[in-house]
Structure formats: structure tokens, C-alpha cells
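Novice: mind looking at a prediction? Sequence and model below.
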Amino acid sequence: MIVALTPNLSLDRTLRLDRALVPGQLHRVPEVTVAAGGKGPNLARIVRAFGGETCVAGVVAGHNGAHFRALLAAEGLSGVLEDTAGETRECHILMDGASAHPTEINEAGPAYDADAVARLLARLPAGQVAVCGSLAPGTAPDAFAAMLRALGSPVVDSSGAGLQAAIESGAGLIKPNEHELEALTGQGTVASARDLYRRSGVPVLLTRGAHGAAYIGAEVLEVQAPVVEVRNPVGSGDSLLGAFLYARQRGEPLEAALRLAVAAGSANALLGGPLRFDPAVARDLVSRTAVSIPA
């Protein structure tokens, strides 16, 4: 079981605009997709697509929380969810066909609720926990670090204070992108990840966008991504992590797991997001990845 715990779940609304986005002007939306959103649900979709066992965990609120539950159930994804006050946030993804990356507008979400989090942690099934995404508003770094310690050795895909707490609590793995690693260490490079691993003992799965990813731990390995036509890159990092955890849990060696992970991230961008993910496409792309050992 891979448990995808997201501290700040969302409803993801993908709006395909009728023309290139122009600030201050009217745009019409011929196509709208609404999904149970957040990094954890995206990761769970990829694990399930490959045939793995997974569930989505987190705190929801209000009418949007009820909608989240219904959307998750409609997809057939298992959920371990607790309710809190307020309203689950909405995140808007604007696709205009002209930009290489969509415009994303993310609401803040309901405030951190220690009681709801405690109830949630008590209900989690046994398995590898991946804590994915930004923290709920008002989350104290100490409280987040305590949650991570209570989870044992979780995988953490976060940024800023969440990533720092993961290091301090001795997470089993962190998955920053280059910008998140730079904010943490001053440089978003394999060399800075190596230094971070030497100092903390926490392995790093560094995602590098179209360039692929690197794993820095007791072993160091880099995989170059294949060149694909990018339709929608949102969720590619979640797809990469989901495929990596799935492969490692099945006992795949590091190189095979990292190649599948990078191929999954590329497949996500090519196909248009986690809702359209096809594991067969990812497996076909594995042969187009390139492995190297950084100097």
C-alpha cells in the first residue's frame, strides 16, 4: 500500500480557454475538467494505473469537501479523509494553447486543524506514506515535523518550511524540484543535493523538468528524459514520484525504478495530465531514457 497523504487537498479545475490568455479581457471556456486534486491524488492515480495498491489521505471541508469525496469515489480511488471547518480550496489551471506551461491560480485552503490531523493519522492503513504538497495555512513547522516523525520514514514532496521539516525529522526521501532545492540549499544542483545528503542522511530525488531526474543517496544516478511533445506538464512530478515508489515497492533496482519514473513524468506531459495517464505509454518511453552517473 502506498498512502498518498496531502496536507492541503483541493478541487482542481482545468479550464481550456478559447484563445491565448490576455490579462484584463474576457475569455470563454469551451472545456472544463474538475477533479479531486492535489499532489497526493495525482500520485495515487499513477500508482493505481500501474496496478499498485494505494489510497488518498487528507482533510477536507465544506461543500467542496463533499464534492471532493464524490469525485474521488467516482474515480474508484480509496480515500481516508477527515472533515474540518471552512472550505476545501479550488485550484484553477488555465490552458490557452499558446503557453508552454498553463497558468495556475491556487487558493489557500482551510486552516490547519490539529485535531483533524490527529484523527487522520490514527486511521491511516499500514504502508509507505508519501506526504505530498504544500502545508495547510497556519501549520507550524514544529507540528508538521512532529507529524512526519509519527509517520516513521515518510517520503516528502513539499517545499519551503515543509521541506526543511522533512530534513530535520529524518524523512525517508525528499523529492524537490530544482527551484525548491535551490530555496533550501542555495543551489538546485546534483552537487548541492549530494552535500545535503552528506549532512542530513536524507536521500534526495531531484526532479529536473524536461531534463529528467537524479537520485542522490548511498547511490547516485541520473536519468535524462526523452523528448516529447508537451501537452500539459501539470502533475508530471507527481507521476514521476508515483512510478518511482511503485517500482521500488515491487523490488525494482534503483536504475529501473528511476528510468520508469522519468518515463512516467514524460508520459504525463505528453498525454495531458494524470487523468489521461497511460502506463503503456510510460513503459514504451523507458527505452528512450538515458542513464548516467554524475561526476
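Specialist: Right, received. Where do you want to start?

Novice: kindly provide the distance from Pro110 to Pro137.
Specialist: The gap separating Pro110 from Pro137 is 7 Å, by Cβ to Cβ, to the nearest Å. Where you see a C-beta, it was placed from the backbone N, CA and C, and this is true even at glycine.

Novice: would you map the helices across this protein?
Specialist: Taking DSSP state H to define them, one finds helices in the chain at 39-49, 62-75, 114-123, 141-150, 160-168, 178-185, 190-200, 236-249, 254-271, 279-285.

Novice: next, the angle from the second one to helix 39-49.
Specialist: By that I understand helix 62-75. 10 degrees (axes from the mean of the first three to the mean of the last three Cα atoms, to 10 degrees).

Novice: report the buried residues of helix 62-75.
Specialist: Under the neighbour-count criterion of 16 or more other Cβ atoms under 10 Å, helix 62-75 has 64-65, 67-69, 71-72, 75 buried.

Novice: Pro110 and Pro137: which is more packed in?
Specialist: Taking other Cβ atoms under 10 Å, Pro110 and Pro137 do not tie; Pro110 has more neighbours (25 against 13).

Novice: so what touches stretch 177-185?
Specialist: 159-160, 163-164, 167, 176, 187-189, 192-193, 195-196, 204, 206-209, 237 (Cβ atoms under 8 Å, 6 or more residues apart in numbering).

Novice: averaged pLDDT, it. What do you get?
Specialist: Mean per-residue pLDDT for stretch 177-185: 95.

Novice: do stretch 254-272 as well
Specialist: Rounded mean pLDDT across stretch 254-272 is 97.

Novice: distance between that stretch and the chain's centre?
Specialist: In terms of Cα atoms, centre = their mean, to the nearest Å, the centre of stretch 254-272 is found 13 Å from the chain centre.

Novice: would you turn the helices of the chain into a markdown table with distance to Glu229?
Specialist: Output for these, formatted as a markdown table (distance: least, Cβ to Cβ, whole Å):
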| stretch | distance to Glu229 |
| --- | --- |
| helix 39-49 | 20 |
| helix 62-75 | 26 |
| helix 114-123 | 40 |
| helix 141-150 | 38 |
| helix 160-168 | 31 |
| helix 178-185 | 22 |
| helix 190-200 | 27 |
| helix 236-249 | 13 |
| helix 254-271 | 6 |
| helix 279-285 | 12 |
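
Novice: closest one to Val32 among those helices?
Specialist: Closest approach to Val32 among the helices of the chain (Cβ to Cβ): helix 62-75, 13.2 Å.

Novice: show me what contacts the nearest residue to Asn268 once chain neighbours are set aside?
Specialist: Using Cβ to Cβ, 6 or more residues apart in numbering and skipping residues adjacent in sequence, the residue nearest Asn268 is Ser239, 3.9 Å away. By Cβ under 8 Å, 6+ apart, Ser239 lies in contact with 42-43, 46, 264-265, 267-268, 274, 277, 282.

Novice: ok, now Ala111?
Specialist: Listed by Cβ under 8 Å, 6+ apart, the contact set of Ala111 reads 84-86, 136-138.

Novice: ok, 6 Å please
Specialist: 137-138 (Cβ atoms under 6 Å, 6 or more residues apart in numbering).

Novice: ok, now how distant is it from Ser134?
Specialist: As judged by Cβ to Cβ, Ala111 and Ser134 stand 13 Å apart.
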